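Trainee: Based on what follows, work out the 3D shape:
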Amino acid sequence: MSIERSLNELRERLSRARDDLRIIEEQLLYQMDVLEEAKTRMLVSETPLADKEHRIARDDYENLMRARARAEIAIAELQQEQDRLLDRMLGSTSSG
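Mentor: The predicted structure is shown next:
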């Protein structure tokens with residue numbers, strides 16, 4: 001496979017990964033509001049149901065935080081691969 005084709009595929013994967021990250025960050029903002037509401041209800045009502053809702057909201061928020069971290073790692077890895085391919089391409093053109 002040519003370096004150019006690999007770079008094009010990486011660009012597409014990077015674009016999708018960045019879109020995924022934006023979606024996760026939007027979900028995080030929403031979930032943060034859900035979590036704050038659940039926390040307030042838990043503190044005010046002091047019922048087992050409110051406590052359970054708070055735990056669920058907190059777990060959902062933490063899951064999204066982990067998903068964001070994974071997405072950020074994937075983007076960093078794709079960028080490193082892209083840089084490596086660009087270096088290879090520049091190395092092969094300068095020696096040719």
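Trainee: buried sites along stretch 23-43?
Mentor: Within stretch 23-43, the residues scored as buried using 16 or more other Cβ atoms under 10 Å are 24, 27-28, 31, 34-35, 38, 41-42. Where C-beta positions appear, they are placed from N, C-alpha and C, glycine not excepted.
Trainee: just stretch 8-21 next, same as before
Mentor: Buried, per 16+ other Cβ under 10 Å, within stretch 8-21: 10, 14, 17, 20-21.
Trainee: The nearest residue to Leu35 once chain neighbours are set aside - how many residues pack around it?
Mentor: Spatial nearest neighbour of Leu35, chain neighbours left out: Ala57 (4.4 Å); criterion: Cβ to Cβ, 6 or more residues apart in numbering. When neighbours are counted by other Cβ atoms under 10 Å, Ala57 registers 21.
Trainee: could I get the buried residues of stretch 23-43 as TSV with distance to Ala71, pLDDT and secondary structure?
Mentor: Shown next, in TSV, are those (distance: Cβ to Cβ, whole Å; pLDDT from 0 to 100; DSSP: H, G, I helix; E, B strand; the rest coil):
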residue	distance to Ala71	pLDDT	secondary structure
Ile24	6	98	helix
Gln27	11	98	helix
Leu28	11	98	helix
Gln31	15	98	helix
Val34	20	97	helix
Leu35	20	97	helix
Ala38	25	97	helix
Arg41	30	95	helix
Met42	29	95	helix
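Trainee: Let me know the closest of those residues to Ala69.
Mentor: Ile24 (9.7 Å; Cβ to Cβ).
Trainee: That closest one touches Ala67, doesn't it?
Mentor: Yes - the criterion here is Cβ atoms under 8 Å, and Ile24 meets it with Ala67 at 5.3 Å.
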